[in-house]
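# Just need the structure, nothing else, for what follows:
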Amino acid sequence: MRNKILYDLSKIKGLEDIKENIIYESYTTPMTLKNDFNCFFGAAFGLNHNLLQTTIFRPQAKIKKLKNIYFVGDSVHPGSGISMSLTSAKLCCEKIISDFS
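Here you go, the predicted model:
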C-alpha cells in the first residue's frame, strides 16, 4: 500500500520525487492504539456508530447507579475524535463540579 500511495503521489506535479525526500515515516495500527494508548480493541474512535450509540444514546459521563464514578473519552457522549474527546472531558469536569458544589 505504501508504494502504491507514493506512486500515486509522485504523479502530482511538484511531488515527482516525494519518495526520495522522505526523511522520517511512521505508521499506526490497531495494535499500536491498543498497546500504546489503551484503546479498547485498538478502536481509534471508540464505540461503533450505530443508531443506539450516537448522540444522547452514547454512554454519559456519569452513571447514576455508581457513586463518584465518571467517564470521558471517545466512547462517551458527545462522540469520537480528538475535539469530541476534549468536549467529553469538559462536560465531565462540569458534571463533577456540579455534583460537588
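# show me the contacts for Asn50.
Contact analysis of Asn50 by CB atoms under 8 Å, 6 or more residues apart in numbering lists nothing. All C-beta atoms are positioned from the backbone trio N, CA, C, and that covers glycine.
# Also Gly14?
By CB under 8 Å, 6+ apart, Gly14 has no neighbours at all.
# From Asp74, how far out is it?
36 Å (CB to CB, to the nearest Å).
# now swap in Arg2 and tell me
27 Å.
# Neighbour count for those two, which is higher?
Taking neighbours as other CB atoms under 10 Å, Arg2 and Asp74 compare with Asp74 leading, 19 against 9.
# quick one, what contacts that one?
So Asp74 contacts Cys39, Ala43, Ala44, Phe45, Gly46, Leu47, Ser80, Gly81, Met84, Ser85, Ser88 (CB under 8 Å, 6+ apart).
# repeat that with 6 Å
Neighbour list for Asp74: Phe45, Gly46, Ser80, Ser85 [criterion: CB atoms under 6 Å, 6 or more residues apart in numbering].
# Counting residues, which helix of this protein comes out longest?
helix 82-99 (DSSP state H).
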